[in-house]
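> no letters, just coordinates:
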């Protein structure tokens, strides 16, 4: 297993020695981090951080194969953390690379890269074939969070208990570091993918680009922004927002994995539908948890949606119908996997169940 | 010639008729534009807008072939304006596409697309082959201006006499529209390029991505930001900033054109050097004009650099040595073109001369 030693993350990278001191400025009046301060930057997901779905809800497949979802997630997260650390190394100009690494290596479950790798393996590919694409979807996820956190957007000062990128590096650098991560995600897929035909890599790049832009993530964000405070948000609009803000990148993750792994068009489309279902499922469950759990159980403030009168599935459908909708989405997701090899589909089956039955 | 009728730009596009009213919000308290207000969005470059270099400075090649640089620029600008209008049409969600189009179709000389097309034709390709790449470099140029103009960056309220994107659509939408243009530029190259082998398109995408990111445009911007107010900016640092902030995208423009046109590695590298020289040349000339011309002659405030004590070539080298440096850069640029067909190289030769001898 490739375990990242977080204390070497920022100081172990080779740096050219020619006289380019101007490439190393640090911002005065910004928090100065010691190597110890960064010790959680590349946090490794531990088994303890995740809980299994209730045993009675587990799919037969999992019990049969004794699939260990937690170990799988930890293994893939470590693999991806190491690959991201290598792909975006600390080089000149230092501040921009530091800013990119600060958010990119700040932990997270690496769900999107895991989806990408699992989809690749599901259609018969090797995980290394999907690794650059897996890193790319995580880079895009990170840049979207960096831009989302900006004062002109959600204005969040903390994420996962750490100051957000613009708080540490300034808004200007956070905007630029997001732009750099976005463009680098395409460069990385184009240059680091091995053993895949160029036309398939090109197809993957087109899918990746589409999921970010004005017909993907950005579309969801802009409709969400325009919905704030509106009292006439209906189910169609709510679904549009979630399908674009959340599901589009999950969709790209599995589709890229399947393309890189040599999947047929039919396999790719099944996985696309699977991802759209679990994307929506994630949001429905999130909405339900917000009104049914305590802050203590959630590990974050409960009832937030009610306080700001946010449009949610429970608000539009009621709790019971929302639960039924979640069950339906999980069933639809699982159905897309029914014709694949059960053993190979185990990670995706387990992920859908994890999303459906999580308690926080 | 494909002349754009600006009055049909925003209202002629077909829009789906299903009930998706939520996709059409407009911001209250934002300026409301009538179709007439947008009449200059896709401004067509006119011959009168450009001046030829002094006749005695014209290259022999141009006189020999009677190359009409102005007509060439106008023709290519119209071609590119129409292609951009088609590529980023007005569709749902309307606000984000309106925001993207507002800046993308706001005029400009289309120098980068022209470089891309001219390089493609120089190595023997058809202009249509380079057109998606030509549009992509202009999309990236536009998104970099949109993010540059943000309050957290240069905080500019006007560009080319029009309110900047965030003034019209809000900062959040301007950030998102920039992100969408950036990702769409890659999608467009990947999906709209015809008659080019996939491995060459992939190579073009890698070049395009590299020119934007932390080793390209963003690198130049972040070093520039960190240099503000510093009194120890030397020639190395100044060159680093300009080579990354300005030259990198010009370099990508010609390199993409040459790749799409089927150029050899040797031809591509010659054109890369050409672009780096004219990128630096542009900045040196800009610095000289700022201290030698009146505001009236420039059409903008002269002497700005002195007022803010900006590090410039005249400040570091003096006017005379700066002029010599400009001559040297133009010579170096032209030398890279010497082994190409003179007639086909005429647009690039003329562009370098235009940059070198412009008076404003």
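Everything's here; your move. Being a predicted model, the structure only gives us computed values, none of them experimental.
> which residue sits closest to the residue in the stretch 201-350 of chain A positioned nearest to chain B, ignoring its sequence neighbours?
Closest contact between the stretch 201-350 of chain A and chain B, by Cβ to the nearest Cβ, is at residue A:209 (3.5 Å). From N, CA and C alone the C-beta is placed, and that goes for glycine too. Once flanking residues are discounted, residue A:209 sits nearest to residue B:187: 3.5 Å by Cβ to Cβ, 6 or more residues apart in numbering or on different chains.
> downstream of the helix or strand where that neighbour lies, the next helix or strand is which one?
Assignment of secondary structure by DSSP states H and E places residue B:187 within helix B:171-192. The C-terminal neighbour of helix B:171-192 among helices and strands, as given by DSSP H and E, is helix B:198-212.
> distance between the next helix or strand after that next one and the chain's centre?
Next along the chain after helix B:198-212, taking DSSP H and E as the criterion, comes helix B:217-227. Helix B:217-227 sits 18 Å away from the centroid of its parent chain (Cα atoms, centre = their mean, to the nearest Å).
> what's the angle from helix B:217-227 to helix A:171-192?
Orientation of helix B:217-227 against helix A:171-192 (axes from the mean of the first three to the mean of the last three Cα atoms, to 10 degrees) gives an angle of 150 degrees.
> just checking, what packs against the helix or strand following helix B:217-227?
Counting by DSSP H and E, the element after helix B:217-227 in chain order, helix or strand, is helix B:235-242. Applying 3 or more Cβ pairs under 8 Å, 6 or more residues apart in numbering or on different chains; DSSP states H and E, we find helix B:235-242 packed against helix B:217-227, helix B:265-292, helix B:313-317.
> so what does the helix or strand following helix B:235-242 touch, helix or strand wise?
Going down the chain from helix B:235-242, the next helix or strand is helix B:248-260, by DSSP H and E. Judged by 3+ Cβ pairs under 8 Å, 6+ apart, the packing partners of helix B:248-260 are helix B:111-122, helix B:127-148, helix B:198-212, helix B:217-227, helix B:265-292.
> ok, and which of those helices has the densest surroundings?
helix B:111-122 (a mean of 28; mean count of other Cβ atoms under 10 Å in any protein chain shown).
> and the helix holding residue B:187, average pLDDT?
Averaging pLDDT along helix B:171-192 gives 98.
> chain center to that helix: distance?
Counting by Cα atoms, centre = their mean, helix B:171-192 comes out at 16 Å from the chain centroid.
> swap in stretch A:66-80?
15 Å.
> next, the buried residues of it.
Neighbour counts over stretch A:66-80 (16 or more other Cβ atoms under 10 Å in any protein chain shown) mark A:67, A:69, A:70, A:72, A:73, A:74, A:75, A:76, A:77, A:78, A:79, A:80 as buried.
> likewise for stretch A:237-251?
Buried residues in stretch A:237-251 (16+ other Cβ under 10 Å): A:237-238, A:240-251.
> orientation of the helix holding residue B:187 relative to helix B:127-148 in degrees?
Per the same axes, to 10 degrees, the angle that helix B:171-192 makes with helix B:127-148 is 160 degrees.
> report the angle between the axes of helix B:171-192 and helix A:198-212?
160 degrees.
> sorry, back to before: go through the helices and strands packed on helix B:248-260 and name the closest to residue A:101.
Nearest of the helices and strands packed on helix B:248-260 to residue A:101, taken as Cβ to Cβ: helix B:217-227 at 14.0 Å.
> what about that closest one, near chain A?
Yes: Helix B:217-227 lies within reach of chain A by Cβ under 8 Å from any Cβ of the partner chain, at B:218, B:219, B:221, B:222, B:223, B:225, B:226, B:227.
> before we move on, what's the pLDDT of the third one?
Spelled out, that is residue B:221. 96.
> enumerate every residue touching it.
A:176, B:144, B:148, B:244, B:245 (Cβ atoms under 8 Å, 6 or more residues apart in numbering or on different chains).
> what's the angle from the helix holding residue B:187 to helix B:248-260?
Going by the same axes, to 10 degrees, helix B:171-192 makes 20 degrees with helix B:248-260.
> run a quick neighbour tally on residue A:231.
Applying other Cβ atoms under 10 Å in any protein chain shown, we find 6 residues neighbouring residue A:231.
> which of the three states applies to the nearest residue to it once chain neighbours are set aside?
Closest residue in space to residue A:231, ignoring its immediate chain neighbours: residue A:309 at 7.9 Å, by Cβ to Cβ, 6+ apart. With DSSP: H, G, I helix; E, B strand; the rest coil as the basis, the three-state label of residue A:309 is coil.
> torsion angles phi and psi at residue A:309?
Dihedral pair for residue A:309: phi 50, psi 40, per degrees, to the nearest 10.
> for the residue nearest to residue A:174 when sequence neighbours are not counted, what is the enclosing helix or strand?
Take residue A:174 and drop its neighbours on the chain: the residue closest to it by Cβ to Cβ, 6+ apart is residue A:166, 3.7 Å away. In this structure, residue A:166 is located in helix A:165-169 according to DSSP H and E.
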